[in-house]
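# return a 3D structure for these sequence lines:
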Amino acid sequence: MRKFFDRKRSLVSTLVLAFILVSVPPMLVASEVATRLVYSSINGNIEKWLYAASSYLFQSIAETVDELEALHVLLHARFTRPEIVLSQDELEALPHLDADFMLIQGVSGKTLFAHPAVRGMEEEPLYPGSHLKWVNMDNGDRELGVAVKQTHMTADGGIRVAELGCRFNISIEESGGSDPIEVSIFRPEDGGFRQVYSSEPGMQYIIPPEAASAMYDETAKYFIPDEDWTDVSPNKHSLLLPIRDGQGTLLAVYVISVLMLPFDGRLPSSATLFWSFFIIGAVLSGCIGYALAKRLVRPIKKLTEGVRSIAAGNLGQRVAVHGNDEISELGSGFNLMVGQLEIMRRESRQSALRERSRMLGEIALGFAHEIRNPLMVIKTSAEVVHSTLRDKPRPAKLLGFVVEEVGRIDRLITEFLSFAKPAPLAMEYFHLYDLVKEITEISAAEFARRKIRCTLTDETGLKPGNGDRVIGGRNKIHQVVLNLILNAMEAMPDGGELALRLYSADSPPNGGADSPDATARVCLEVKDTGVGIAEDILPTIHMPFISTKENGLGLGLATVYATIEEHGGSIRCASKPGEGSVFTICLNG
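Numbering: from 1, shown residues only. Alright, predicted model coming up:
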């Protein structure tokens with residue numbers, strides 16, 4: 001047992017097991033209540049059905065009596081005719097009347113007509129006041145029938161005694177099985193009951209003491225739903241109906257029984273119903289518990305995935321927060337933590353960049369003092385000598401090369417100084433679209449020369465706000481956009497398309513665009529159809545001295561990235577070799 005509990009299980013399985021264990025006691029109670037309700041409903045419906053069947057039985061007896069009395073009226077009309085003796089045609093027609101038994105006797109008791117071979121009908125009814133009598137046949141059999149006996153006077157003053165009867169037939173077969181209902185009739189005797197008739201020959205029923213007492217206590221009806229009888233039939237349901245006279249004296253008791261067969265001959269026992277309800281409830285509880293457990297664990301799994309993503313270096317990971325419960329608070333705290341980590345990483349990068357810039361600035365200053373001054377001396381001396389060699393073309397040409405190369409070195413030193421020790425940032429509001437349009441107009445001639453088709457799209461007006469207005473150093477952003485456009489042109493030596501697109505976006509620093517501290521940003525997308533950037537170089541393009549150009553120093557994109565980070569913006573690049581590159585910069589609005 002200890003090994004079972006020490007096994008490693010998932011949180012879902014643990015929650016499902018706990019849910020099932022907690023639901024067992026109420027499920028036991030619910031199963032017991034449901035079993036009783038089902039049996040109560042079944043018994044109530046069977047009782048109503050048996051009562052309706054008994055009403056139909058009594059109505060059938062009454063209608064049979066009416067029909068037999070109508071036949072007696074017909075016979076009386078015949079006996080009052082002058083022709084006393086029945087003709088052969090009349091004798092042949094009598095069996096076709098609506099009666100199963102017919103016995104006509106004279107005043108002396110001589111049988112004048114009998115159909116079928118009826119020897120006679122007992123004088124005493126089955127119980128006082130009923131029309132049920134035993135009919136004795138010539139072959140020794142006897143059948144219970146609904147009989148009506150009348151005496152008719154003939155035209156000559158003679159007497160004819162006619163007894164007409166119909167079989168007491170139980171033909172209601174709607175109990176759900178192949179057997180009809182069963183009817184037993186009891187007569188009271190010495191404080192108990194004696195069975196005088198059963199539709200199932202050979203079957204002896206015993207009325208339970210409680211039911212017998214209820215019959216003597218003037219109860220209108222008594223229903224026995226369980227196996228209170230001593231017969232072998234399973235689950236036989238019975239309804240006891242007392243027959244009383246006008247003074248309330250008990251004359252007989254009808255027992256109407258039916259065998260319900262919806263489950264291969266048996267109704268399910270209470271134990272079967274109970275365990276069926278319990279198993280179904282346990283399965284449903286397990287399913288509900290599994291669904292709830294999955295719902296509870298899903299946010300935790302999201303948090304786990306987020307932690308793993310952060311461990312892999314993706315600080316842009318956020319988890320969706322729904323509701324106001326503890327797990328939602330945990331998700332909000334996770335997003336806040338990731339946002340703070342992202343800010344710390346950004347600050348760390350900026351701090352490293354500032355430290356690197358400071359170190360490069362110190363080196364650059366040293367270079368400026370140690371290299372630039374001698375370069376100026378070399379350049380000045382070369383220019384003086386060059387002016388004296390006008391009549392000597394070859395030496396003059398060589399000195400011209402010296403002057404040009406010294407100038408190029410001076411420009412490289414100036415560019416290096418600009419990256420290592422940037423000018424102070426002067427913040428101002430300006431419209432980014434106007435700045436980009438100004439650069440494209442300046443570069444129009446270069447576009448035409450390089451066979452480059454340039455398009456500029458402004459989508460910032462699709463959102464309410466200040467449109468394309470951003471805050472930052474206009475001159476520095478001008479240099480950033482210009483560098484990106486120049487790089488795009490150089491990436492398309494055979495011409496191509498350059499698409500510039502401005503659009504508005506939201507920056508969610510602490511998770512979710514709906515968070516209160518989300519700020520509006522304006523983004524510029526620079527997309528070219530050039531040669532693209534190799535995958536192994538793409539992650540390092542923001543680093544200084546990394547260049548794909550043959551004579552490049554590798555400070556252009558490094559300056560772009562540094563400038564955007566200095567403005568608190570973002571920049572990203574997507575590129576596929578042979579298809580082109582897409583640079584996207586976003587600035588605070």
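# when you work out contacts or count neighbours from here on, use the C-alpha atoms and nothing else.
OK.
# so after the host helix or strand of Ala93, what's the next helix or strand?
Here Ala93, judged by DSSP states H and E, is contained in helix 88-93. Toward the C-terminal end, the helix or strand that comes next after helix 88-93 (DSSP H and E) is strand 101-105.
# would you map the strands across the stretch 151-300 of the chain?
159-167, 182-189, 192-198, 222-224, 236-244, 250-259 (DSSP state E, counting those that start in this stretch).
# picking up where we left off before, mind listing what's buried along the helix holding Ala93?
Within helix 88-93, no residue counts as buried by 16 or more other Cα atoms under 10 Å.
# which strands or helices does it pack on?
Packing partners of helix 88-93 (3 or more Cα pairs under 8 Å, 6 or more residues apart in numbering; DSSP states H and E): none among the helices and strands.
# list the contacts of that helix.
Phe113 (Cα atoms under 8 Å, 6 or more residues apart in numbering).
# mind checking how far that helix is from the chain centre?
Centroid displacement of helix 88-93 relative to its chain, using Cα atoms, centre = their mean, to the nearest Å, is 79 Å.
# follow-up on the earlier one: among the strands of the stretch 151-300 of the chain, which comes closest to Leu75?
Of all those, strand 159-167 sits nearest to Leu75, with 8.4 Å by Cα to Cα.
# ok, the closest one: who's next to it in the sheet?
strand 101-105 (antiparallel), strand 142-153 (antiparallel) (DSSP bridges).
# distance of the spatially most central residue of the chain from Leu144?
Nearest residue to the geometric centre of the chain (Cα atoms, centre = their mean): Ala291, 9.6 Å. In this view, Ala291 and Leu144 are 66 Å apart by Cα to Cα, to the nearest Å.
# where in the stretch 101-250 of the chain is pLDDT low?
Within the stretch 101-250 of the chain, the stretches with pLDDT under 70 are 170-180, 226-235.
# do that again at 50, thanks
174-178, 228-233 (pLDDT under 50).
# which neighbouring elements make contact with whatever helix or strand Ile409 lives in?
For Ile409, the enclosing helix or strand under DSSP H and E is helix 393-420. The contact analysis (3+ Cα pairs under 8 Å, 6+ apart) places helix 393-420 against helix 326-367, helix 373-387.
# and that helix, how far out from the chain middle?
On Cα atoms, centre = their mean, the centre of helix 393-420 falls 75 Å from the chain's centre.
# following element in sequence after that helix, please.
strand 428-431.
# partners of that next one in the sheet?
strand 469-472 (antiparallel).
# any chance of the helices and strands packed on helix 393-420 in CSV, with distance to Thr272, mean neighbour count and mean pLDDT too?
Shown next, in CSV, are those (distance: least, Cα to Cα, whole Å; neighbours: other Cα atoms under 10 Å; pLDDT from 0 to 100):
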stretch, distance to Thr272, mean neighbour count, mean pLDDT
helix 326-367, 43, 16, 71
helix 373-387, 106, 15, 75
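# let me have the ones you listed in CSV, extended by distance to Val470.
Shown next, in CSV, are the helices and strands packed on helix 393-420 (distance: least, Cα to Cα, whole Å):
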stretch, distance to Val470
helix 326-367, 21
helix 373-387, 41
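# out of these, which gets nearest to Tyr56?
Closest to Tyr56 of these, according to Cα to Cα: helix 326-367, at 67.1 Å.
# quick check: mean pLDDT of the strand or helix carrying Ala34?
Assigned by DSSP H and E, Ala34 belongs to helix 11-79. What helix 11-79 shows for mean pLDDT is 83.
# please apply the same query to stretch 453-473.
The average pLDDT for stretch 453-473 rounds to 79.
# again with stretch 495-503
94.
# run the chain-centre distance for that stretch.
47 Å.
# would you map out the domains in the chain?
Domain ranges of the chain: 9-79+268-314, 80-167, 425-588, per automatic domain parsing.
# export those to TSV and append columns for distance to Tyr197.
Converted to TSV, the domains of the chain look like this (distance: least, Cα to Cα, whole Å):
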stretch	distance to Tyr197
domain 9-79+268-314	15
domain 80-167	8
domain 425-588	87
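# mind checking which of these is nearest Ser332?
Short answer: domain 425-588, nearest of those by Cα to Cα, at 8.2 Å.
# state the phi and psi torsions of Arg81.
phi -80, psi 160 (degrees, to the nearest 10).
# residues contacting the closest residue to Lys451 other than its chain neighbours?
Nearest non-adjacent residue to Lys451, counting by Cα to Cα, 6 or more residues apart in numbering: Gly495, 4.7 Å away. When contacts are counted by Cα under 8 Å, 6+ apart, Gly495 is found next to 450-453, 489.
# restricted to helices, list these.
450, 489 (DSSP state H).
# just the buried subset of the contacts of Gly495, written out for ChimeraX, thanks.
Remark: buried members of the contacts of Gly495, expressed as a ChimeraX selection using 16+ other Cα under 10 Å:
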select :450,451,452,489
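# out of the contacts of Gly495, the closest to Leu132 would be?
Lowest distance from Leu132 to the contacts of Gly495 (Cα to Cα) belongs to Arg453, with 113.8 Å.
# my read is that that closest one contacts Glu497, right?
Yes: with contact defined as Cα atoms under 8 Å, Arg453 reaches Glu497; the gap is 4.8 Å.
# give the buried residues for stretch 39-57.
By neighbour count with 16+ other Cα under 10 Å, stretch 39-57 contains the buried residues 39, 43, 46-47, 49-51, 53-54, 57.
# please tell me how far the residue lying farthest from the centre of the chain sits from Glu47.
Within the chain, Asp391 marks the point farthest from the mean C-alpha position, 96.3 Å out by Cα atoms, centre = their mean. The spacing between Asp391 and Glu47, counted by Cα to Cα, is 137 Å.
# buried residues in the helix or strand containing Asp434?
With elements taken from DSSP H and E, the one containing Asp434 is helix 432-442. By 16+ other Cα under 10 Å, the buried positions in helix 432-442 come out as 432-433, 436, 440.
# got a list of contacts for that helix?
454, 456, 458, 468-470, 478, 481-482, 502.
# cool, stretch 558-578 as well?
Residues contacting stretch 558-578 (Cα under 8 Å, 6+ apart): 350, 353, 419, 472, 476-477, 480, 483, 530-535, 538, 541-544, 581-588.
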